[in-house]
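Build me a model:
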Amino acid sequence: MAMVALSFVLLSILGIAGSWGVAVYEGTLAEEAAGPVSLARRAQIIIWPFAARSGADPKNVHGRRAGKAQIVLIASVMVAVAAASAYTNLTYVRPGKAASAVVAAPSQS
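Here you go, the predicted structure:
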């Protein structure tokens with residue numbers, strides 16, 4: 001089960017990277033549809049893809065795609081955190097117990 005949790009962590013990290021890239025790309029295209037985009041604005045979108053104002057124009061296809069990619073990004077982060085928590089719980093090695101006093105069973109006399 002720990003390997004399944006680890007697989008979910010790794011797949012979620014891939015999902016985070018992919019959705020981040022799509023959100024940046026589509027967010028940049030959505031911003032360009034509204035007008036010229038400065039270098040500082042592009043850097044802002046690369047660092048934080050949620051900075052793209054994708055919901056400003058409902059007819060902007062790129063804005064809708066950027067919004068969907070942002071949702072996938074959030075979902076991937078939540079799955080990665082949950083799977084990492086499960087993995088650490090499944091692989092946790094409990095410290096050994098202190099030696100308890102061994103009491104001999106009463107003898108039959």
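
Can you show me the helices along this structure?
Remark: helices assigned in the chain by DSSP state H are 2-34, 39-47, 61-91.

got the angle for the second one vs helix 61-91?
Regarding helix 39-47 and helix 61-91, their directions subtend 40 degrees when assessed with axes from the mean of the first three to the mean of the last three C-alpha atoms, to 10 degrees.

can I get the helices of the chain in CSV with mean pLDDT, mean neighbour count and distance to Ser107?
All C-beta atoms are positioned from the backbone trio N, CA, C, and that covers glycine. Formatted as CSV, the helices of the chain follow (pLDDT from 0 to 100; neighbours: other C-beta atoms under 10 Å; distance: least, C-beta to C-beta, whole Å):
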stretch, mean pLDDT, mean neighbour count, distance to Ser107
helix 2-34, 94, 17, 46
helix 39-47, 93, 13, 76
helix 61-91, 94, 16, 44
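
so which of those helices gets nearest Gln108?
Closest approach to Gln108 among the helices of the chain (C-beta to C-beta): helix 61-91, 44.9 Å.

Off-centre distance for that closest one?
From the chain centre to the centre of helix 61-91 is a distance of 4 Å (C-alpha atoms, centre = their mean, to the nearest Å).

same question, stretch 39-58
Remark: stretch 39-58 is offset 20 Å from the chain centroid, using C-alpha atoms, centre = their mean.
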